[in-house]
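Q: model this:
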Amino acid sequence: MRKLKTLWILLVVCMSALLGPGKPVHAEDDPFKEIPIEMNTPVVDTIEDEYGTDVYKFTVTKKESVRFEFKYWFEADIRVYKDSGTELFSRLAEGTESDPVTRENTIDLEPGDYLIKVFGYFDTGKYQINVNNTKVSTIQVPFKEITMYPDEEKDFVAVAYPEGAVNKKLTYKSSDTAVADCYNKKIGSGDCGTAVITVSAEDGSDVIATCKVTVIPWGIEGLKQGKETQKSIEISWDELDGTDGYNIYMYNNGKKEYVLYKTVSDNSAKLTGLKAETGYKIRISGYINTDDGKIEGAQGKAKTFYTAPKQLKAPQNVKIKMLNTVNYRTPYGTIKIKKFKVSWKKVKGAQKYKVYGKAPGKGWELLGSSKKTSKVLYGTAGYKYKVYVKAVRTKNKLTTEGKKSKEKTVNCK
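A: Below you'll find the predicted structure:
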């Protein structure tokens, strides 16, 4: 009996194909009445006669994705036709009152009229059809704006809503792929600048969401101190490609924050108007100029730069005291060396002193240094020398020589 029923179904299907979609097999030979239905409005009806047929008509106004949702409580064949008679697809299923069967199919339809025909074979029962063209209404992105450094990646997964939308596929497009692009559910950054990632629904709903990506320079590194004085410091740092300039920030002890001190175009600067033997904390950021204005990068690690120690006064009361004579033997003979002592008055703030001397026809040179207020030196007998003294101050690993004392003559008779 089951085989006979199956053969009969195949015979009916073949007859339907021969007669064409406009005239499917029906218990009666009357034209089918086309019942108009609306999109997204489920229709529940019943085939009351064996081999009965219900016909529904709907219209597509523009090219779109449509999901056909069929539910069977009996054995039936549901087919979809273009109004011209071309069959698009069919879904044959056998459900029961207690165990209905659901079938779905999603296809892209061109504008025009379409028919849905429900055929009952050997059976009667309830069915449900729904032509679903629910469009995307909103697109949710994980963030509307993001700041990144060059050559970074951030997860970026956009989601289309509602859940029941037929086509939830999304496309991603960047306004400037050199700055940022979206791929494999990630945003990748490139050059410094700004770009807008636009996420669009593919279902023709024209729904979009955007994310503004700002790529800023990395923090400046390689800070170095150059020449310093009591009132100024020359500094430099590693050049950062792609930047248009640099902002120099100095820590303000009163405000307890870094304050913009100076903007420069090169990777070096001179800090002026400073106090002697004082440390200054510096941080530097790079920036770029864009159509949206100046985009500043991160401030690099802080580094403390120091001015030179203050310059001390000249030592006073410099005196020369001749001491004994020493005979110094050399391969060329004996040389008489005069021993003498240079003394001076203590200078406040000095850690040590330097004594400079000048022989006849020669330039000034350092003769020696002392942490005390005197220094024993030697000169060749028969010559006259000139000497002076400087106080020396060291702080923060920087050294400053004070003003020179009055010159004194040493007569080594």
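
Q: For the residue most central in space within the chain, give its distance to Ser189.
A: Among the residues of the chain, the one closest to the centroid is Met148, at 1.2 Å (Cα atoms, centre = their mean). Met148 sits 4 Å away from Ser189, going by Cβ to Cβ, to the nearest Å. For the C-beta atoms, the positions are set from N, CA and C on the backbone; glycine is no exception.

Q: ditto for Lys281
A: Separation of Lys281 from Ser189 (Cβ to Cβ): 30 Å.

Q: more neighbours, the two?
A: When Lys281 and Ser189 are compared on other Cβ atoms under 10 Å, the one with more neighbours turns out to be Ser189, at 23 against 14.

Q: which residues does the more buried one contact?
A: 148-153, 179-180, 213, 215 (Cβ atoms under 8 Å, 6 or more residues apart in numbering).

Q: same thing with Gln299?
A: Shown in contact with Gln299 (Cβ under 8 Å, 6+ apart): 219-220, 249, 258, 283-285.

Q: repeat that for 7 Å
A: Contacts for Gln299 (Cβ atoms under 7 Å, 6 or more residues apart in numbering) come out as 219, 249, 258, 283-285.

Q: next one: Trp73
A: Shown in contact with Trp73 (Cβ under 7 Å, 6+ apart): 95-97, 100, 125-127.

Q: likewise Ile116?
A: Residues in contact with Ile116 (Cβ under 7 Å, 6+ apart) are 56, 78, 80, 129.

Q: before we move on, which element is it in?
A: Secondary structure assignment for Ile116, by DSSP states H and E: strand 112-120.

Q: buried sites along that strand?
A: Neighbour counts over strand 112-120 (16 or more other Cβ atoms under 10 Å) mark 114-120 as buried.

Q: Stretch 162-178 now?
A: Quick answer for stretch 162-178 (16+ other Cβ under 10 Å): 165-168, 170, 172, 174.

Q: Sitting in strands, which of these do you find?
A: Among those, DSSP state E puts 170, 172, 174 in strands.

Q: Surely the last one and Ile197 touch.
A: Pointing back at Ser174 there. Yes. Between Ser174 and Ile197 there is a contact at 5.5 Å, judged by Cβ atoms under 7 Å.

Q: Now for the two: what residues contact both?
A: Listed contacts common to Ser174 and Ile197 are 180, 182; contacts here mean Cβ under 7 Å, 6+ apart.

Q: hang on, the earlier thing: out of the buried residues of strand 112-120, which comes closest to Gly254?
A: Distance to Gly254 across those (Cβ to Cβ) is lowest for Tyr114, with 77.4 Å.

Q: Could you tell me which residues make contact with that closest one?
A: Neighbour list for Tyr114: 58, 60, 80-83 [criterion: Cβ under 7 Å, 6+ apart].

Q: What is the nearest of the contacts of Ile116 to Gly379?
A: Comparing the contacts of Ile116 against Gly379 with Cβ to Cβ places Val80 closest, at 118.4 Å.

Q: Correct me if wrong, but the closest one is in a strand.
A: Yes. Counting by DSSP: H, G, I helix; E, B strand; the rest coil, Val80 is located in a strand.

Q: Ala350 contacts Gln311, doesn't it?
A: No. Ala350 lies out of contact with Gln311 (Cβ under 7 Å); the separation is 11.0 Å.

Q: what do these two both touch?
A: Residues touching both Ala350 and Gln311 (Cβ under 7 Å, 6+ apart): Gly402.

Q: Just the helices from this structure, written as ranges.
A: Secondary structure of the chain by DSSP state H: the helices cover 2-19.

Q: mind giving me the domain ranges of it?
A: 2-132, 138-215, 224-306, 319-412 (automatic domain parsing).

Q: I'd like these laid out as TSV, including mean pLDDT.
A: Shown next, in TSV, are the domains of the chain (pLDDT from 0 to 100):
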stretch	mean pLDDT
domain 2-132	79
domain 138-215	95
domain 224-306	94
domain 319-412	94
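
Q: contact partners of stretch 228-243?
A: Residues contacting stretch 228-243 (Cβ under 7 Å, 6+ apart): 191-192, 217-218, 220-227, 267-274, 276, 282, 284, 286-288, 305-308, 310-311, 398.

Q: ok, how many other residues are close to Lys294?
A: Residues within reach of Lys294, counting by other Cβ under 10 Å, total 12.
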